[in-house]
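**Student:** Return a 3D structure for these sequence lines:
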Amino acid sequence: DRRRVNTVFGGGNIDADIMIIGDYPRKIDEDEASPFYESTPPGILLDRYLRAMGTSRADVWLDLTVCCMPVRVGESWVPRPPNKDEVAACRDRLHKVISIVDPKVILLLGAVPLRMAKKWADVWDKNVAGSRDAISGIARNDNPPRLVVEVPGACGPVRYEARATFSPNSVLRMKEGDLN
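**Tutor:** Next comes the predicted model:
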């Protein structure tokens, strides 16, 4: 798409114990070719998440479910969630990155990576837990359901423990009381 400036690949510590996967790049992320660009409100909020976890960007691997910002047809820079074909186009790349980083845990930020983790198949099922309500349920639960990200390995599937929460972009759009 001619409106796209850059492909936004992940980055960070290749030996990270924690891998963070967001949904898709926003315009500033594409302009800077960096996921969760540090000087934006979502990037600042992500840094707060990391500090609360006792870590920083230098200690984690940051990546996105898709590498290019999906835009609405005929409109300039109006982001939208990626469709199943866009997710599928980036799936193999993300599988390889997960295998290379080999994290102890993957933090899924938002509905798109949660759906991706729960359903790697080519069938896009909107009923799979990936809605705001599903993430709210996980975020409110003191004993959240066990999530697993499964990627192909040389001798069969490799499973990674995962956790899910809201993306920084979603948190910034929420009104007080949305989690109550």
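**Student:** Counting neighbours, which bits of stretch 26-45 end up buried?
**Tutor:** 26-27, 29-30, 32, 34-37, 40, 42-43, 45 (16 or more other CB atoms under 10 Å). For glycine as for every other residue, the C-beta is placed from the backbone atoms N, C-alpha and C.
**Student:** Out of those, list just those in helices.
**Tutor:** Judged by DSSP state H, the buried residues of stretch 26-45 include 27, 29-30, 32, 42-43, 45 as members of helices.
**Student:** Please identify which pair of those residues lies farthest apart.
**Tutor:** Pairwise distances across those (CB to CB) peak at 19.0 Å, for the pair Glu30 and Leu45.
**Student:** in the chain, what spans have low per-residue confidence?
**Tutor:** Within the chain, the stretches with pLDDT under 70 are 1-5, 71-78, 118-146, 175-180.
**Student:** what are the bridge partners for Ala164, then?
**Tutor:** On the basis of DSSP bridges, Ala164 is bridged to Leu108.
**Student:** by contact count, what packs against the longest helix along the chain?
**Tutor:** Using DSSP H to define each element, the chain has its longest helix at helix 84-101. When contacts are defined as 3 or more CB pairs under 8 Å, 6 or more residues apart in numbering; DSSP states H and E, helix 84-101 packs onto strand 18-22, strand 60-64, helix 111-118, strand 147-151.
**Student:** I'd like those laid out as JSON lines, including distance to Pro70 and mean neighbour count.
**Tutor:** Below are those laid out as JSON lines (distance: least, CB to CB, whole Å; neighbours: other CB atoms under 10 Å):
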{"stretch": "strand 18-22", "distance to Pro70": "13", "mean neighbour count": "25"}
{"stretch": "strand 60-64", "distance to Pro70": "11", "mean neighbour count": "24"}
{"stretch": "helix 111-118", "distance to Pro70": "10", "mean neighbour count": "24"}
{"stretch": "strand 147-151", "distance to Pro70": "22", "mean neighbour count": "17"}
